[in-house]
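Student: Coordinates for the following, if possible.
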Amino acid sequence: LPTVAPVVTRVERYAGHCRCCGGTTLAPLPEGLEPGTPFSGNIVALAMYLRFVHQVSYRRLSRLLLELFGLAISEGALDAAFRRGKPRFDAETSAILARLRRARVVCSDETGIRIDGRNAWNWVFQNDEVVIHVVRRSRGAGVVAEVMAGHRPAIWVSDLYSAQRGHAEAWQICLAHQLRDCRYAIEAGDAIFAPRMKALLLRAVVLARRHRGLAESTRREYRRRLEHALDAVMALAPTNRHGQRLRRRYGKLREHL
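Tutor: So this is what the prediction gives:
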C-alpha cells in the first residue's frame with residue numbers, strides 16, 4: 001500500500017506581559033484549532049463511521065488508523081473523541097424522535113448485543129422517513145413506551161415478540177420475518193404449506209410497493225383476492241412439523257397478516 005502521511009498543523013502561541021498592570025495576555029488560537037482533541041473533524045467522522053456503521057472494534061480501529069493513515073490514536077483517545085462528538089447529534093436525535101412520534105405507521109424490532117461483557121438490546125424504530133437505534137439493557141415493553149412518549153400510531157409492524165404488541169390501534173405482522181420462517185420450513189422439508197404461504201406473502205409485498213398508486217376500489221379487489229388465496233392455503237394439511245407449526249401460527253394470527 002502507498003504510504004499515507006497525516007497533515008500535522010503545529011500552533012505556537014505567544015504571550016505578552018504588561019509591565020504596567022502585570023497581566024499576561026495569551027495569543028488566541030486560530031479558528032478550528034481550539035483546545036480539545038488534536039484530530040480534525042474529518043478524522044473523527046471517519047473513525048465514527050468505521051466504528052458505528054461497520055462495527056470495527058476499538059482495538060482494530062486504532063490499528064487500522066495507524067497502518068493506513070499513519071495516525072497513532074489510542075483506544076482511549078478514540079472513545080474520548082466519540083464522547084465529545086455525541087452532543088452534536090442530540091438535536092438530530094430529537095428531530096428524528098419528534099417525527100417518529102407523529103408517524104401513522106411505526107416498524108420496530110430488537111436484537112441482542114454485548115456491552116462490557118453484559119447482555120443488552122439494540123432496538124430499532126422506523127417508518128418510511130426516519131430510523132433510530134436505541135440501546136437499552138431491557139427487552140421489555142417499557143423501552144417502546146419510553147421512545148414513543150405516549151404517541152399511539154395507527155399501525156405497529158413487528159415480529160411476534162409479545163413486548164412489541166399493543167402499541168397501536170392495529171398490529172401488522174412483519175412479513176420479512178414470516179418469509180424467513182417459511183424459508184426455514186421449506187428447507188426443513190415442508191413441501192405442502194410453507195411454499196404456498198411464502199408465494200402468497202411475496203405477492204402481498206409486491207402489492208404493498210404499488211398500493212399508493214392504486215385506486216381504493218383496486219386495493220379492495222386485491223385484498224379480496226389475497227383473502228381468497230389465503231383461505232386455500234389455510235385449507236392445506238401439512239405433514240411436516242414445521243409446516244404444521246406455521247399453519248397453527250397463522251390460524252391464530254390471520255387477522256394481523
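Student: Grab the nearest non-local neighbour of residue 16.
Tutor: Spatial nearest neighbour of residue 16, excluding adjacent residues (CB to CB, 6 or more residues apart in numbering): residue 25 at 4.9 Å. The C-beta positions use only the backbone N, C-alpha and C, and glycine is treated the same way.
Student: buried sites along the helix or strand residue 195 falls within?
Tutor: Here residue 195, judged by DSSP states H and E, is contained in helix 194-210. Within helix 194-210, the residues scored as buried using 16 or more other CB atoms under 10 Å are 194-198, 200-201, 204, 207.
Student: Can you list the helices and strands that that helix packs against?
Tutor: Applying 3 or more CB pairs under 8 Å, 6 or more residues apart in numbering; DSSP states H and E, one finds that helix 194-210 contacts helix 175-187, helix 216-234, helix 241-253.
Student: Can you verify residue 48 is assigned to a helix?
Tutor: Yes. Under DSSP: H, G, I helix; E, B strand; the rest coil, residue 48 falls within a helix.
Student: List the contacts of it.
Tutor: Residue 48 is in contact with 82, 85, counting by CB atoms under 8 Å, 6 or more residues apart in numbering.
Student: and if you look at residue 74?
Tutor: Here residue 74 is in contact with residue 62 (CB under 8 Å, 6+ apart).
Student: Residue 2 versus that one, what's the distance?
Tutor: From residue 74 across to residue 2, the span is 25 Å (CB to CB, to the nearest Å).
Student: For the chain, which segments count as strands?
Tutor: For the chain, the strands defined by DSSP state E occupy 15-17, 24-26, 105-115, 118-126, 131-136, 155-158, 170-173.
Student: okay, the ones you listed, which one's buried deepest?
Tutor: Comparing the strands of the chain by mean neighbour count (mean count of other CB atoms under 10 Å), strand 155-158 comes out on top with a mean of 20.
Student: Tell me which other helices or strands that strand touches.
Tutor: Using 3+ CB pairs under 8 Å, 6+ apart, strand 155-158 sits against strand 105-115, strand 170-173.
Student: circling back: give me the mean pLDDT for the helix holding residue 195.
Tutor: Averaging pLDDT along helix 194-210 gives 94.
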